[in-house]
Each structure stands twice: as structure tokens, then as C-alpha cells.
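A.B. asks: quick one: sequence and predicted model below, then my questions.
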Amino acid sequence: MALRIATFNLKDFFSARKEGEKAVVEAKLSNVAESLRRARADVVALQEVGSLDLLDRLVKALPEQGYGAPVVGSEDRRGIRNVILSRLPVQWSQVHQAKALPFPRFVEGDPEPFAGRIPLRRGVVHVRVEAGGLGEVDVLTAHFKSNLPAELKTATGEPVADTTPHAVGESAVRSLVQRAAEALYVRGLVDGIFAHSPDHAICVLGDLNDTLDSLPVRLVRGIDTRSKLYLRAAVESIPEEARYSCFHGGEETLIDHVLVSERLHRALRHFEIHNENLRYHGPHVDDAPLTEDSDHALCLAELDDAC
């Protein structure tokens, strides 16, 4: 038997906001359902789920997949959230939330840097499933802040335009700091699991909004590649030319990741990214019209649960 784990950013999975979007939403629902049928994942992590009613319709449209009740994360100010669907028995589930994320101090006793300024936008959904020969597997999904610049804000929350290269650089650093704080938070959850069971089966997956060699993704993985607690990237098992899950500025890039602990990596048999029909949706625009397709590809790992 194989264990199949997938991640898929659905992009603005909202109900129709106006009459003209109804047909688009129905097409989106059909397309997502077809993607999940193709994947046949035992556990699937979804990002950018907006409408819970639409999520319910999605699950009901897939009776053959046998998914149980969704484990639904907390939403951000835009109304999107992380979700995990599983057809395996869920032993335990939790949505990890934090009002604000800490950031490393340079000297013990220093005041906390950026106190209260770094939010965890979307709760990290965490399930523990029973997976046959692999035993208990912990699956965590996250959706980090985008790598768009984070402009300075006034005391009342109004953005301050970047007018110099230095200001542009500061906005890029703020964005990186936010993703790094999210990454450290997730890594702390992983370390907490390993503290109880150093060879536990763990999979962290989702839209981390950065590339495999970026600092945030390296933080989640554990930095030290020699450590037994390091998370391996399932994508490394496929040719480099196939390693992309979306387009950034029109260029192929991989920001959707499936990261697995050593025990799961030993069981990894196959990995694929369903990017054949992926298209560039253009630069991000707030309140953009809904689309029939996602601007991300589904990523799927298959593991041998006999290992």
C-alpha cells in the first residue's frame, strides 16, 4: 500500500461575489475536484480556502475519495485559510495560532524586537493520521506571507510609499523578516514533535512563498543538512526542469513544498507536480476577479507504507 500526500493552493477559493462570477466559481469547483480525483491523495493540504460552504460542496463532490470532515484553520484578514482533508483515521488535530510571532534577540535580556508587529496570518493546521506500516504521521500545512515588499506604515496603518532604493530594500527586508518568523514558528512545532520521538514521521507542506534555497524554507527544514532532524525536500527526487509549481514574474518557480522527515524520506517512492496546464496569472492585484483555475500546481508525494 502507498501513502499519498498532496498540497494545493487553490487561489481565492471564494463563493461568487457578484452575478457574473457564478459561472467562474462553478468551473473552479469542478476543476479543483478533478485535480483531487487525479491526485487520489490520502491526505491533502489546501491553501487559500475562503468559503467554507464551497469547501463543503467540494468534499461532497468527491464521495469516492472518502474524505472525512475538513480540519479548518483560522483565516487571515482577506478571508483565506489552510485546510487539511484526510481519508485516513485522524488521531489528533490542532490549529496552531499566535497573535504575534517572536523574533530572535541578539543578547539575553534585550527587549523583544518587533514586539507585536509580526502576525501569524493563517493558522498552521496540524493532523496526526494513522498510516499503516508507517504508523502515526504528523502532517502540518502552512501558508507564509508572500514575498511582495512589506511597506512601512504610519501609526494609523497607512502605507508609506517607497521613494528611494534604500526604502525599497527596507520593504524587502521587512517581508523577509515576516516569513522568517513564520518559518521559525513552524520549525518550533516540528522540534516539539521530535523532542518526544526523534524518528517520528513528519511532513510539512504548503505554500511557503519562497524557494527551496531561501532562508525561510531552510529554517523550516532545519539548516543543518547532516542532522537526523533535517527535513528533506521531496521535489529533489524529480528532474530540475520539472521543479516548478507557479510562475513569478512570468518565470517558473517552486514555492509549494513537501518537506519530510528522514523516516518518510526513506519511504518516498514518487513525487510529481501537476504543472502541465499551469499558466501565469500576472502580478498580484488586490480584489482581482475570480478565476476558473489556480495559479499554483498540485504537488504530490507517494510513500511506501510498508517501509
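C.D. replies: Looks like it came in fine.
A.B. asks: show me which residues of the longest strand seen in the chain are buried.
C.D. replies: Taking DSSP state E as the criterion, the chain has its longest strand at strand 2-13. For strand 2-13, burial by neighbour count (16 or more other Cβ atoms under 10 Å) applies to L3, R4, I5, A6, T7, F8, N9, L10, K11, D12, F13. The way it works is simple: take the backbone N, C-alpha and C, and place the C-beta from them, glycine included.
A.B. asks: so what's the first one up against?
C.D. replies: Applying Cβ atoms under 8 Å, 6 or more residues apart in numbering, we find L3 in contact with D42, V43, A131, G132, L134, V137, A267, E302, L303, D304, D305.
A.B. asks: quick one, which of these are buried?
C.D. replies: D42, V43, A131, L134, V137, A267, E302, L303, D304, D305.
A.B. asks: in strands, which of these fall?
C.D. replies: Per DSSP E, the subset of the buried ones among the contacts of L3 in strands is V43, V137, E302, L303, D304.
A.B. asks: if we can go back for a sec, list every C-alpha atom in the longest strand of the chain, with coordinates, as CSV.
C.D. replies: Extracted in CSV, the C-alpha atoms of strand 2-13 (Å, rounded to 0.1, in the frame of the first residue of the first chain):
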residue,chain,number,x,y,z
ALA,A,2,1.1,3.6,-0.7
LEU,A,3,0.5,6.8,1.3
ARG,A,4,-0.2,9.7,-0.9
ILE,A,5,0.2,13.3,0.5
ALA,A,6,-0.5,16.4,-1.6
THR,A,7,-0.6,20.2,-1.3
PHE,A,8,-2.6,22.6,-3.4
ASN,A,9,-3.0,26.3,-3.3
LEU,A,10,-6.5,26.8,-4.7
LYS,A,11,-6.1,30.6,-5.2
ASP,A,12,-9.1,32.6,-3.9
PHE,A,13,-11.5,29.7,-3.3
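A.B. asks: which neighbours does it have in its sheet, and in what orientation?
C.D. replies: Strand 2-13 pairs in its sheet with strand 43-49 (parallel), strand 299-304 (antiparallel), by DSSP bridges.
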